[in-house]
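Participant: okay, predicted coordinates and the sequence, questions at the end:
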2 protein chains.
Amino acid sequence: MNRQPIGVFDSGIGGLTILRSLIRSLPHEDVIYFGDTARVPYGTKSKDTVLKFSIENVELLLRHHVKLIVVACHTSSAWTLETLRQYFRVPIVGVVTPGATAAMAATHNGRIGVLGTASTIRSKAYERALRRLDRSVSVVSQSCPLLVSLAEEGWTKDAICRSVVQKYVAPVLKQRVDTLLLGCTHYPLLAPMIRRVAGRSVRVVDAGRQTARAVTEILADQGLIHQYHRRGRMTFYVSDEPERFVQVGTTFLGQRIRNVHRVSM
Amino acid sequence: MNRQPIGVFDSGIGGLTILRSLIRSLPHEDVIYFGDTARVPYGTKSKDTVLKFSIENVELLLRHHVKLIVVACHTSSAWTLETLRQYFRVPIVGVVTPGATAAMAATHNGRIGVLGTASTIRSKAYERALRRLDRSVSVVSQSCPLLVSLAEEGWTKDAICRSVVQKYVAPVLKQRVDTLLLGCTHYPLLAPMIRRVAGRSVRVVDAGRQTARAVTEILADQGLIHQYHRRGRMTFYVSDEPERFVQVGTTFLGQRIRNVHRVSM
C-alpha cells in the first residue's frame, strides 16, 4: 500500500489521452499531471531542447513526491527516456515501447505504419523499439504536422480532416501495412477518421492501454499500488494559464478538468 | 550615420516575412534577428507568458547593442508592446499599428476583416488599433489556427489549403468586408490563396511594408540611419537548433539564411 501519487508529464494537453487510459486501469491512484503549455509543442523541436524541458518536468514532479513518472509525450519519450533514466532513480515509463508492443500484437503481416510528429519521426525511436521486439518487422514512418492542429481545433470529422488524413496516410497504406500506430497523443482523437480512411483491413492502435499496463506491472512488482477504495485524486499543473488547458483538454481527458494550478518554469 | 544594428524578434520563423520587407526598405542596415524557436508558437499562449518571453527577447537583443527593436510577432505586438515600451528606453516598433494603418489605407467601405492567431484575436489589439485610426470602422475578427501549420508544411496551393482558407474566410466575407488584414506573420505565404478565395473585390494586406516604413521614419527622425553603401549584414539567433529554422525559414525570408547561432534562454 502506497499513497504517493503517480506523476505524468506531457508537452501540453495531448498526454491527457494517456492519463485517460491510466485512470481507467488504475482508478484508485492519485495522479499529478504536468502539461508544459508555455513551451508546447515539443514535436517541432530538437532533441537538446526537448531533453532540457523534460529534465525540468521530471524535477517538478519529483517535488510532488511521485512514485513513478509517465512520459506521456511521444516526442519526449522518443528522444529522452534513456537519459532521464540515467539521471533519475524514480521508475520512468515512456509511451514508445508500449506503443510498439501494441502494434506488434496487432500486426499479422509484420508491416507497421507509424504516424507521429516531425521530431518523433526524425528520432527513429519507433523503428528501434519495433525492431527490438521483432527484427524482421517492416516500418513505414510518416510525420503528420497538421494533425495536432486539427485535433485541437476540433475538426475531427469533416471533409478537411478526411483530406488531410488521406494525404498523410495514403502513401503509408501503399506500402501494404496492416497496422497503423498512432505515435502522438493527439492522434487518438482522430482515430475514427484514420480508421475510415484506412479501411477495415488495417488496425489502428495507440499507446494508451499498453502504457497503463506497463505502469500497473511496475507498481505491482514494487508493491507500490494504491489499494484504497476511493477514486484517485487528479491534480494538474500547467506552465501557461489554465483556461485553454481546461477548455481544450476536456475532450482529451473525456471528463471535466478541475484542480488546475499554474507553475512558472 | 550609425552602425548599430536593428534588432528584430519573433516567436520563430514567421517574423522573417517582416524582415524581408525591412531589408527591402533599408538594405544597408545590419540586422540581428532572434527567433524563439524553442518556445514557439506564441499564438496559442496567454498574455503573461508572451510578455515574459518578450521581455527576455528584448534583453537578448539589447546585449547586441541594437538601436531599435521590431517586434515582428503579431501576438507579442498585440499583448506586450505598451509594457515593453514602459520597461525599455530603446525605440520599439510593433506590427499591429502598421498593419492597421495599411488596412485603413486599403478599405473603401470601412469594413475590415482581421485574420490572426487565437491569442492575437483574443487580445482585440487590432480592433483597438483600427478604432484609434477611425472610430467608425467595422472590424470582423477571425482566428485561424491551422494556417500556421499549412504555411510551415508548405501546403499553400492545394485543395486542402483552399478548403481551410474558405472555412475561415467565408464567415468574414459574409460581413461584407472589402479588406482582409493578415494579422500573423505566417499568413503572407498564404496570401495568393486568400486572394483567390476572397475574390478581386477584396484587398488583402499585411503589415510588412508599413512596418518597414515606420522603422525608416523613426531612424530618420533620430538620425540613426545607416548610410553605408554596402549591403547590411544579417545575423540570426535561435533558441532551438538552427537546422529547421534555416530549412523552413528560407521560404519565409525569400533568400538563403546564413550566419545562424543558437542561444540558450
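Facilitator: In hand now; what should we look at?

Participant: quick one: the spatially closest residue to A:T75 that is not a sequence neighbour from A:F236, how far?
Facilitator: If the residues on either side of it in the chain are set aside, A:T75 comes closest to A:Y42, at 4.3 Å by CB to CB, 6 or more residues apart in numbering or on different chains. All C-beta atoms are positioned from the backbone trio N, CA, C, and that covers glycine. For A:Y42, the distance to A:F236 equals 18 Å [CB to CB, to the nearest Å].

Participant: which one's more surrounded, the two?
Facilitator: Legend: neighbour count by other CB atoms under 10 Å in any protein chain shown for A:Y42 and A:F236, higher for A:Y42 (27 against 23).

Participant: so where do the strands sit in the stretch 101-250 of chain A?
Facilitator: A:111-116, A:138-143, A:179-183, A:203-206, A:234-238 (DSSP state E, counting those that start in this stretch).

Participant: figure out which of these is closest to A:R258.
Facilitator: strand A:234-238 (7.9 Å; CB to CB).

Participant: run through the neighbouring helices and strands of the closest one.
Facilitator: The contact analysis (3 or more CB pairs under 8 Å, 6 or more residues apart in numbering or on different chains; DSSP states H and E) places strand A:234-238 against strand A:31-35, helix A:242-253, strand A:260-262.

Participant: which strands or helices does the shortest one pack on?
Facilitator: In terms of contact count using 3+ CB pairs under 8 Å, 6+ apart, strand A:260-262 is assigned the packing partners strand A:234-238, helix A:242-253.

Participant: how about the first one: buried residues?
Facilitator: For strand A:234-238, the buried set under the neighbour-count rule, 16 or more other CB atoms under 10 Å in any protein chain shown, comprises A:234, A:236-238.

Participant: so how far is that strand from its chain's centroid?
Facilitator: Distance, stretch centre to chain centre, for strand A:234-238: 17 Å (CA atoms, centre = their mean, to the nearest Å).

Participant: winner for burial among the strands of the stretch 101-250 of chain A?
Facilitator: Compared across those, strand A:179-183 shows the largest average neighbour count, a mean of 28 (mean count of other CB atoms under 10 Å in any protein chain shown).

Participant: what's that strand in contact with?
Facilitator: A:74, A:96, A:99-100, A:102-103, A:106-107, A:111-117, A:120-121, A:126, A:169, A:172, A:188, A:191, A:194, A:198, A:202-207 (CB atoms under 8 Å, 6 or more residues apart in numbering or on different chains).

Participant: now do the residue lying closest to A:R131 once chain neighbours are set aside against A:V248, distance only.
Facilitator: Leaving aside its sequence neighbours, A:R131 sits nearest to A:V137 (CB to CB, 6+ apart; 6.2 Å). The gap separating A:V137 from A:V248 is 35 Å, by CB to CB.

Participant: kindly report the same for A:K174.
Facilitator: For A:K174, the distance to A:V248 - CB to CB - is 33 Å.

Participant: of these two, who's got more company?
Facilitator: Neighbours were counted for A:K174 and for A:V248 using other CB under 10 Å; A:V248 has more, 19 against 9.

Participant: how about the more buried one, what does it touch?
Facilitator: A:13, A:152.

Participant: and A:D178, what are its phi and psi?
Facilitator: When read as degrees, to the nearest 10, the backbone of A:D178 gives phi -110, psi 0.

Participant: what sits closest to it if chain neighbours are left out?
Facilitator: Nearest in space to A:D178, with sequence neighbours left out and distances taken as CB to CB, 6+ apart, is A:N109 at 4.8 Å.

Participant: that neighbour: neighbour count?
Facilitator: Number of residues near A:N109 (other CB under 10 Å) recorded here: 11.

Participant: could you double-check that it lies in contact with A:Q175?
Facilitator: No - using CB atoms under 8 Å, A:N109 is not in contact with A:Q175; the gap is 10.8 Å.

Participant: near chain B, which residues of the stretch 151-265 of chain A?
Facilitator: A:152-153, A:155, A:159-160, A:163-164, A:167, A:239-241, A:243-244 (CB under 8 Å from any CB of the partner chain).

Participant: give the ChimeraX command for selecting the buried subset of these.
Facilitator: Per 16+ other CB under 10 Å, the buried members of these correspond to this ChimeraX selection:
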select /A:152,153,155,160,163,164,167,239,240,241,244
